[in-house]
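Novice: return atomic coordinates for the entry below.
(chains A, B, C and D)
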Number of protein chains: 2
Amino acid sequence: MTVAKDISGGVALWRRIADAIRLDIVGGKLASGDRLPTEAALAERFSANRHTVRRALAVLADEGVVGAEQGRGTFVRSARRLSYRIGKRTRFSEGLAGQARVTSGQLLSSRIENASAAAATALGIRTGAKVVRMETLSLADGRPLSRATAWLDYRSFADFAGRYTALGSFTAVFASYGIGDYSRASTRISARHADVEETKLLGLTPGAILLVSEAVDIDVAGQPISYALSRFPAERMELVV
Amino acid sequence: MTVAKDISGGVALWRRIADAIRLDIVGGKLASGDRLPTEAALAERFSANRHTVRRALAVLADEGVVGAEQGRGTFVRSARRLSYRIGKRTRFSEGLAGQARVTSGQLLSSRIENASAAAATALGIRTGAKVVRMETLSLADGRPLSRATAWLDYRSFADFAGRYTALGSFTAVFASYGIGDYSRASTRISARHADVEETKLLGLTPGAILLVSEAVDIDVAGQPISYALSRFPAERMELVV
DNA sequence: TCTATTTGTCTAATGAAATAGACAACTATT
DNA sequence: AATAGTTGTCTATTTCATTAGACAAATAGA
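Specialist: All right, here's what the predicted structure looks like:
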């Protein structure tokens, strides 16, 4: 991939270079263990100074994506991007089947609030009605993979948060409420930069790109049961429809 | 949305502020005609200097998203983000039904090349086999909405480019080859920054975020017919599954 | 061992990003 | 007409991004 030089557009050159190299790695163009081109070669390729390239490499080294060895070169350390499967039957842990050994969900906080217009429309209730709001972080093999906010109708799921803390998965909590099966009604996908809190919780470098999924799950009767806004680091995940 | 201050992460503050405000607008929090908070208020909200906010607003004004009026305030000019529907039967023009009046596709270039490993796997042919590569740009109401690269098996679609120039749509060209119906086998979605060429063709400001969709279409017999890599500006589009 | 190649470190200079403060120009309201 | 609130413009200063050059330190191969 090539990168702009003269025009910055508010994104620093070292950052664009780091993004371009990371893309080659997570996209599979460079495999684990491969040696990157030399700093001089990269500087030429991106029409940048060697110091600027070094800064980009330092960021990637910090992320654990590459590692430099004096006298030898810089080598690819990390693996490919994970794929998250989206379909009628979307479950977080199952979506990553076979790609990560351990997945876990963790409740950051929860509270009762009045439904925003968006949440109310999605859940089929009136704006301002009481809803449970859950802030969660999901991990795979110990690495944070998504930061999600979910809203549920308070009348049906008053103690959702308590049960989630005990059970650790949405699917399990729904089951405890007698909802043995549920499915995905709609998913809207967009992308934006991460904000401070997301950067911190997901262990990203500031300015990282997030894939944002806005999903509504329904029970077998077609009744909306949850409205969730999930944020995935684009550099570590891709969504598969 | 909040925004980082102290830590830049290689993305300039004015750019992050512009992105945050644009997100509020295309996300529907601010409607067309609404007055934005005053520059002073925005400066406080983002913990930034008023001049930095002014630079962000200048960018948005340049994009036509907002307009400032001396003595009165700054107002929202543009509309919401378009939704692009993805499913079993995905057609570019139909995906935008009801949201844009005129959609058109334009061939930038095409050539015969040897299939990359990714393209070969997707199309079910051997690596290095001859494929037709199409570079296209799609517009809705005159505004560029996607930049796509598509690969097709040369043995079946040798003259795809010629027919596309004449017919202006993939669906029409497939029909001319006797493929009356086809469907989407898989879609992978990721996100990254736009490169120079994409920035220019899509009319974006440098550093803009793209949603990248990697799709395989198959005919009724299940035979892969095309492999396409489409890039959508995240600030103008969202994908709906 | 010698040499070419590669990453690591230091100093310096230039331009862009961000902050700060002051005041002009315009609008709407009283 | 006066006033408060808002955007527009100017000057100045500090911090960060980028370029430039030189040389040290480690590695691999002849």
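Novice: for chain A, what lies in contact range of DNA strand D?
Specialist: Residues of chain A lying near DNA strand D by C-beta under 7 Å from any atom of the strand: A:5, A:8, A:12-15, A:47-49, A:51-52, A:55, A:69-72. For glycine as for every other residue, the C-beta is placed from the backbone atoms N, C-alpha and C.
Novice: and of those residues, the nearest to B:Ile125?
Specialist: A:Ser47 (36.2 Å; C-beta to C-beta).
Novice: and that closest one, how far from DNA strand C?
Specialist: For A:Ser47, the distance to DNA strand C (C-beta to the nearest atom of the strand, to the nearest Å) stands at 16 Å.
Novice: excluding covalently adjacent residues, which one is nearest to A:Ser104?
Specialist: The shortest distance from A:Ser104 to any non-neighbouring residue, by C-beta to C-beta, 6 or more residues apart in numbering or on different chains, is to A:Leu139 (5.3 Å).
Novice: thought A:Leu82 was touching the one you found, still the case?
Specialist: No - using C-beta atoms under 8 Å, A:Leu139 makes no contact with A:Leu82, being 11.8 Å away.
Novice: those two: which is more packed in?
Specialist: Taking neighbours as other C-beta atoms under 10 Å in any protein chain shown, A:Leu139 and A:Leu82 compare with A:Leu82 leading, 19 against 16.
Novice: of the residues of chain A next to DNA strand D, grab the buried ones for PyMOL.
Specialist: The PyMOL command for the buried members of these (criterion: 16 or more other C-beta atoms under 10 Å in any protein chain shown) is given here:
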select buried, chain A and resi 12+13+14+15+48+52+55
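Novice: still on that earlier bit, need the residues touching each of A:Leu139 and A:Leu82.
Specialist: A:Leu145 (C-beta atoms under 8 Å, 6 or more residues apart in numbering or on different chains).
Novice: what pLDDT does the model give A:Thr93?
Specialist: That one is not Thr; residue A:93 is Ser. Note on A:Ser93: pLDDT of 65.
Novice: again with the one 4 residues further on
Specialist: pLDDT, the model's per-residue confidence, is 56 for A:Ala97.
Novice: same question, the one 5 residues further on
Specialist: With respect to pLDDT, A:Val102 has a value of 54.
Novice: coming back round to it: for the record, mean pLDDT for whichever strand or helix holds the residue nearest to A:Ser104?
Specialist: A:Leu139 is part of strand A:130-140 when elements are defined by DSSP states H and E. The average pLDDT within strand A:130-140 is 91.
Novice: list the buried ones in that strand?
Specialist: Going by 16+ other C-beta under 10 Å, strand A:130-140 has these buried residues: A:Val131, A:Val132, A:Arg133, A:Met134, A:Glu135, A:Thr136, A:Leu137, A:Ser138, A:Leu139, A:Ala140.
Novice: CA atoms only for stretch A:206-216, dumped as CSV, please.
Specialist: What follows is stretch A:206-216 as a C-alpha-only set of coordinates in CSV (Å, rounded to 0.1, in the frame of the first residue of the first chain):
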residue,chain,number,x,y,z
PRO,A,206,-4.7,6.4,20.2
GLY,A,207,-6.3,7.1,16.8
ALA,A,208,-6.9,3.5,16.1
ILE,A,209,-9.9,2.6,13.9
LEU,A,210,-12.9,0.7,15.2
LEU,A,211,-15.5,-1.3,13.4
VAL,A,212,-18.9,-0.4,15.0
SER,A,213,-21.8,-2.9,14.9
GLU,A,214,-25.2,-1.8,15.9
ALA,A,215,-27.3,-5.0,16.4
VAL,A,216,-30.8,-6.0,17.5
